[in-house]
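J.: The sequence and its predicted three-dimensional model are supplied below.
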Amino acid sequence: MMATWFQGPKEDFIRVSQEGAARGVNILHFTGGVRITLAPASPRAIAQTRMTIMQRAEVHGVPCDVACTGRFYDFFEKRAGRWAIVLRQPIYEKDRLDPVDPAASLTLDPEVLARYPEGYRYLAYLQVQVGYPVKPDMPGVTGPEVDRLYQRGAAWLAGQPVAP
């Protein structure tokens, strides 16, 4: 699992997600339409699923909601008769951060915002505030990170191994 705040195997992701929930971390995911590309004559596929990540937390003492839209870019393989995700890499396209109380005043640090790409900078800002280390080079709508991801996807469909 690759995410802004975590990169590693699914078992560790499940554990740290459960630990976060026990501490009151409030994150929801909404998934939408899916497009699947099957490899010809191979048990491999790439699935792209529309998604929105919604998280609530305090930012500088102000309760805020962040919403980040994008796609899950999933490397699938059929193993022992079952399809399973081998690697999930989100593509972060657009986000926003809003105080829960629209009358609240909130000032963000422009230097912190500038550390993260446009597609998830507000999500990253909130996650940094709650103590997560956020990866600064995740794929967005355009750029070398998403270009490399698409190349990895094509290589995966052609039968090559994928590494995180």
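T.: Alright, I've got the coordinates.
J.: Now do the helices for this protein: every range, in order, please.
T.: For the chain, applying DSSP state H gives helices covering 10-22, 110-113, 121-129, 144-157.
J.: Please enumerate residues in contact with the longest one?
T.: The set of residues external to helix 144-157 that reach it, using C-beta atoms under 8 Å, 6 or more residues apart in numbering, is 37, 39, 42, 44-46, 73, 75, 89, 91, 137-140, 162. Glycine gets a C-beta too; all of them are placed from N, C-alpha and C.
J.: Filter those residues down to the buried ones and hand me the PyMOL line.
T.: Filtering these down to the buried ones (16 or more other C-beta atoms under 10 Å) takes a single PyMOL command:
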select buried, resi 39+44+45+46+73+75+89+91+138+139+140
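J.: which one of the contacts of helix 144-157 is nearest Cys64?
T.: When these are ranked by distance to Cys64 (C-beta to C-beta), Met138 comes first, at 20.6 Å.
J.: close enough to count as contact, that closest one and Asp95?
T.: No. With contact defined as C-beta atoms under 8 Å, Met138 does not reach Asp95; the gap is 11.7 Å.
J.: Next, show the common contact partners of those two.
T.: With C-beta under 8 Å, 6+ apart as the test, Met138 and Asp95 both reach Gly119, Tyr120.
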